[in-house]
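# Sequence unavailable; structure follows:
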């Protein structure tokens, strides 16, 4: 009877994870999806604690369990409350790393008791199988930790050490790729050797050390433009590490949850790659996305908020294209105010064009605009909204560049082949690394300055019309 209740608890937890993941597929239902996920994790934790208590030895120390839950909850709450929307990509990357490290630590602890202390595995697995699973969990988990930490600092732009700001490097010559291969196959070789010499702990420590180095080497050459792909991939890896750990300790919900995260993260990774017309291999091994710069040899005279307001006067349809610059300036509330003014004053139809890789993590623009209470119905994906630009009176681009650059339609250059939002098809374009031909078209109006300040001035000008 006790075993049946444990199974039911894990089944309910897994079901909540699945329903939560389904709800995350749309911005409107995403909050509910997060709630399902939290409930699923709560049920999983309670079920696991109950299973431990009902075991032969019972729970040795409730103090450690309660202290661990409280400490983790407090740290997570403080980080979630204090983080700004511009820091969400860094927080996601950090959580990915912590998830991978936690799985690797559990796998290390449990496999240690089976291999070196003679404890019988509850799953009945043979020691060679446990060694392989523990080695793979260490490879994925520790690689995820160091890779995620480096990705976090890349997204942040650097790290402050002793009061001095040090920029995170993006570096990777061609000969770095063979080193990645050597490190990876070295771990595989060490796992194989450890099967034949199970009690030798040196193999395990070597696997951990090499995996940490591999995580750094993999992320080091990757530039800012490819960060959405990296964040998605690291998320997938953290789930795979959890699945390996669940296999070792015989925890079905950990296997299910890890598989869900691993599969969904990998699918999202390929979606991000498709949105940039790049393969995952290109991102990881070929180039240094986002690091190529061009010297601007042309100039564009800027406009002012009053002129933009006059152009917006009477517009029947305006499409707003947000980018990472909107996140940096934190002007999403001013953007929403502009939309409200146009709708109430001129009955203008407002829509938002969302590029899949706008920002520094998948869904970054959706999160920012949702915080400003922008209706979900107005957030339109790139493929769906592109045909509407031909009938658009004005397109307002706020802090976006690469995702709107017509140069991507060519065969050369750093953006070649990347799907873009067809901003250049609109009748008038307003703009709040890579040079953009759209800047220099006669119909383009450049409103230079901080996004938040410029949107505030624009809103003031609209009110005065």
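Perfect, I can see it now. Quick caveat, the model's predicted, so the values are computed rather than measured.
# Name the next helix or strand following the least confident helix or strand in the chain by mean pLDDT along the chain.
The helix or strand with the lowest mean pLDDT-type score in the chain, counting by mean pLDDT, DSSP states H and E, is strand 429-431 (a mean of 65). Counting by DSSP states H and E, the element after strand 429-431 in chain order, helix or strand, is strand 444-446.
# for that following strand, packing partners?
The contact analysis (3 or more Cβ pairs under 8 Å, 6 or more residues apart in numbering; DSSP states H and E) places strand 444-446 against helix 305-312, strand 429-431. Every C-beta, even on glycine, is put in place using the N, C-alpha and C of the backbone.
# cutoff 6 Å now
Where contact means 3 or more Cβ pairs under 6 Å, 6 or more residues apart in numbering; DSSP states H and E, strand 444-446 is packed against strand 429-431.
# any chance you could map the helices in the stretch 1-150 of the chain?
For the stretch 1-150 of the chain, applying DSSP state H, counting those that start in this stretch gives helices covering 2-23, 30-53, 62-82, 88-116, 127-156.
# what's the angle between the fourth one and helix 127-156?
When you say that, I think you mean helix 88-116. If you take axes from the mean of the first three to the mean of the last three Cα atoms, to 10 degrees, helix 88-116 sits at 160 degrees to helix 127-156.
# which of the residues in helix 88-116 are buried?
88-108, 110-111, 114-115 (16 or more other Cβ atoms under 10 Å).
# got the angle between whichever strand or helix holds residue 269 and helix 2-23?
Here residue 269 sits within helix 252-275, counting by DSSP H and E. Taking the same axes, to 10 degrees, one finds that helix 252-275 is oriented at 20 degrees with respect to helix 2-23.
# tell me which strands and helices the helix or strand following helix 252-275 is in contact with?
Next helix or strand after helix 252-275 toward the C-terminus (DSSP H and E): helix 280-281. The criterion is 3+ Cβ pairs under 6 Å, 6+ apart, and there are no helices or strands that helix 280-281 contacts.
# if you set the cut-off to 10 Å instead, what comes out?
helix 227-249, helix 252-275 (3 or more Cβ pairs under 10 Å, 6 or more residues apart in numbering; DSSP states H and E).
# Could you check how far the last one is from the centre of its chain?
Computed by Cα atoms, centre = their mean, to the nearest Å, the separation of helix 252-275 from the middle of its chain amounts to 12 Å.
# Let me see the domain layout of the protein.
1-82, 85-286, 305-464 (automatic domain parsing).
# hang on, the earlier thing: what about the helices of the stretch 1-150 of the chain, which gets the closest to residue 324?
Between residue 324 and the helices of the stretch 1-150 of the chain, the tightest spacing by Cβ to Cβ is seen for helix 88-116, at 9.3 Å.
# what's the angle between that closest one and helix 227-249?
Helix 88-116 and helix 227-249 are oriented at 20 degrees to each other (the same axes, to 10 degrees).
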